[in-house]
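Asks: task: produce atomic coordinates for the following.
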Amino acid sequence: MVKQRILLISLVGFLIFGLLLGGKVVYQKNWQDVSIMNQSQKIPGVESAKIVNIEGQKELDVVTNKITDLRLAGLALQKLTDNLPIRFLDQNNDVLKKVFGQMQFALQEGIATGNFTEMEQTVRGQVEKAGVQLELEIDNDAIYVILNQGDAQLVEVIERHGQVNYLPTEKQ
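Replies: Numbers count the residues shown, from 1 in each chain. Below you'll find the model as predicted:
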């Protein structure tokens, strides 16, 4: 009789646990993810955003299309999530990736020395030689880089203090 009660109580406990876990998953998929997606589409240049789980780590993947103010978009996206790292998915090309790679020396030197005026001049010179348009912004936490060439766009956020709020950008 006692064994049957323990078995019945255990089964009921597992059933309740399963329902709670299932309810959490349904809530995240149907309300939380949809809310983030709807709110992110109101941000200029953001097509969509969704929470993905990669190797046990959650991140917010943001599909962009001709984003114009990366700093404001990044700050707005951070408010939507519970401090999940953000990965932008852009429409870059080989030329933009090459130019961005060449810019890394000046960007990293600017972060290390704090001489952002010289960094900007160096970067603008490199970009002009390559025939690419540059939008560069900086705040206390990061450097925001947008490179445009025709229909292609590369967006990248370089954090200054290693916060890991932004992950490396990938091609859409």
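
Asks: show me what the helix or strand of the chain with the lowest mean pLDDT is packed against.
Replies: Across the helices and strands of the chain, the lowest-confidence element by mean pLDDT, DSSP states H and E is helix 33-40, at a mean of 70. Under the contact criterion of 3 or more C-beta pairs under 8 Å, 6 or more residues apart in numbering; DSSP states H and E, helix 33-40 touches strand 46-54, helix 70-80. In short, each C-beta sits where N, CA and C put it, glycine included.

Asks: please identify the most buried of these.
Replies: A comparison of the helices and strands packed on helix 33-40 by mean neighbour count, using mean count of other C-beta atoms under 10 Å, puts helix 70-80 on top with a mean of 18.

Asks: ok, then the element right after that one?
Replies: Counting by DSSP states H and E, the next helix or strand C-terminal to helix 70-80 is strand 86-90.

Asks: partner strands of that following strand, with direction?
Replies: When pairing is defined by DSSP bridges, strand 86-90 lines up against strand 57-64 (parallel), strand 166-171 (parallel).

Asks: need the CA coordinates for the longest one. PDB is fine.
Replies: Only the C-alpha atoms of strand 57-64 are listed here, as PDB (Å, rounded to 0.1, in the frame of the first residue of the first chain):
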ATOM      1  CA  GLN A  57      24.400  29.300 -25.500                       C
ATOM      2  CA  LYS A  58      21.500  31.600 -26.300                       C
ATOM      3  CA  GLU A  59      22.000  34.600 -28.600                       C
ATOM      4  CA  LEU A  60      19.900  37.100 -30.500                       C
ATOM      5  CA  ASP A  61      20.400  36.800 -34.200                       C
ATOM      6  CA  VAL A  62      19.400  40.100 -36.000                       C
ATOM      7  CA  VAL A  63      18.900  40.200 -39.800                       C
ATOM      8  CA  THR A  64      19.800  43.700 -41.100                       C
END
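
Asks: no further questions, thank you.
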